[in-house]
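Participant: predicted structure and sequence below. I'll ask about it afterward.
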Amino acid sequence: MADLAGTARPGSTSPTDPTREWVPARVLATRRETARATTFRLDLGRPSGHRAGQHVKVRVTPPGGSPTSRSYSIASAPDGGSVIELTVERLDGGVVSGHLHDRVHPGATVSVRGPKGTFTWGGTTPALLVGGGSGLVPLMAMLRLARRTGQSGLVRLVASARAPGDLFYRDELVGPEVSVIHTRAAGSLVRQAGRLTVDDLAPLFLPGATAFVCGSKGFAGAARDLLLGLGVPAERIRVEAFGPTATAEVAPAPGTPATVLG
Ligand SMILES: Cc1cc2nc3c(=O)[nH]c(=O)nc-3n(C[C@H](O)[C@H](O)[C@H](O)COP(=O)(O)OP(=O)(O)OC[C@H]3O[C@@H](n4cnc5c(N)ncnc54)[C@H](O)[C@@H]3O)c2cc1C
């Protein structure tokens, strides 16, 4: 809050904070990730200022409808520029995801506010990233940051998808720091299809690492429980859950930092 002289108090958010304003973001390009997911490359017209793992709000006005906003994680790594990438999965009957897929093409403009969120990795400490479905999006920003800064050795990523055709960023999900699991149809002979298990996670938790878990409420809760079962301290498990309702929340385990929601 600002005082009467208009000076922001320490720790408060300035009323002129650009991340609190809706800005028109131009769609530079779109890229199909899967049959149901598309990446939108947006120019905010000002530095994004985001940290890996944060999200923005996107507001659209469907024909005959009213302005409606939803949260979308930023998939691109922070680079000081004004361009960000969001990957949006189309949900059946989904107001905003459907509008973005059907009506928002390169050259269009959408309103964006943010970034926000404390589900962030700074890029300098060990991290285990565990993502299911579209929960992979904020973790991709972290993986991309690690790769861009030559810190891949700090990161292990486990990406869970139903089948090979459902995996986002397929071409980038190769390398010694990445494991892919399929829950319904296996894409490789290395691992049979099936849900995430302790055996998938155990070899990947680096000493001193923080785990970042993101996915549906069910996936995030299950992954967190597996990590706790492995002996990972609760305060080293960060969880962000999102899904059909945009308000899904995973109750944090005792001592777990607050779950971040949009
Ligand atoms: C922090 C955060 C980050 C996120 N990041 C991403 C991301 O990177 N990518 C991504 O794809 N999503 C992300 N999400 C989810 C996103 O915000 C939306 O929730 C999602 O896109 C659905 O919005 P929608 O408007 O399309 O669907 P909605 O219109 O909200 O509907 C959601 C679903 O509920 C069903 N539904 C709606 N109303 C009813 C009803 N009355 N009864 C029964 N069913 C109903 C719809 O059919 C649809 O399937 C994130 C969410 C959060 C909180």
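Facilitator: Received it, and whenever you're ready, just let me know what you need. Residues are numbered from 1 along each chain as shown.

Participant: longest strand anywhere in the chain?
Facilitator: strand 23-32 (DSSP state E).

Participant: separation between the closest residue in space to Val95 that isn't next to it in sequence and Leu167?
Facilitator: Sequence neighbours aside, Thr68 is the residue nearest to Val95 in space, at 5.4 Å (criterion: CB to CB, 6 or more residues apart in numbering). Backbone N, C-alpha and C define where each C-beta goes, glycine included. Per CB to CB, to the nearest Å, Thr68 is found 29 Å from Leu167.

Participant: of those two, who's got more company?
Facilitator: Neighbours were counted for Thr68 and for Leu167 using other CB atoms under 10 Å; Leu167 has more, 21 against 13.

Participant: give me the neighbour count for the residue lying closest to the more buried one once chain neighbours are set aside.
Facilitator: Among residues not flanking Leu167 along the chain, Ala161 sits closest, at 4.1 Å (CB to CB, 6+ apart). By other CB under 10 Å, the residues close to Ala161 number 23.

Participant: so what does the residue of the chain found nearest the ligand look like in phi/psi?
Facilitator: Relative to the ligand, the nearest point of the chain is Gly94 (2.3 Å; CB to the nearest ligand atom). The phi/psi pair for Gly94 (degrees, to the nearest 10) reads phi -70, psi 130.

Participant: for Asp200, helix, strand, or coil?
Facilitator: What DSSP: H, G, I helix; E, B strand; the rest coil gives for Asp200 is helix.

Participant: contact partners for it?
Facilitator: By CB atoms under 8 Å, 6 or more residues apart in numbering, the residues touching Asp200 are 158, 179, 181, 191.

Participant: do that again at 6 Å, thanks
Facilitator: Ile181 (CB atoms under 6 Å, 6 or more residues apart in numbering).

Participant: distance check, Arg184 against Gln192.
Facilitator: On the measure of CB to CB, Arg184 and Gln192 end up 11 Å apart.

Participant: now swap in Leu129 and tell me
Facilitator: For Leu129 relative to Gln192 (CB to CB), the value is 23 Å.

Participant: the two - which one has more neighbours?
Facilitator: Between Leu129 and Gln192, counted using other CB under 10 Å, Leu129 has the larger neighbour count: 29 against 9.

Participant: hang on, that one packs against Leu157?
Facilitator: Yes: under the criterion of CB atoms under 6 Å, Leu129 makes contact with Leu157 at 4.3 Å.

Participant: now the helices for the stretch 151-262 of the chain?
Facilitator: 198-201, 217-229 (DSSP state H, counting those that start in this stretch).
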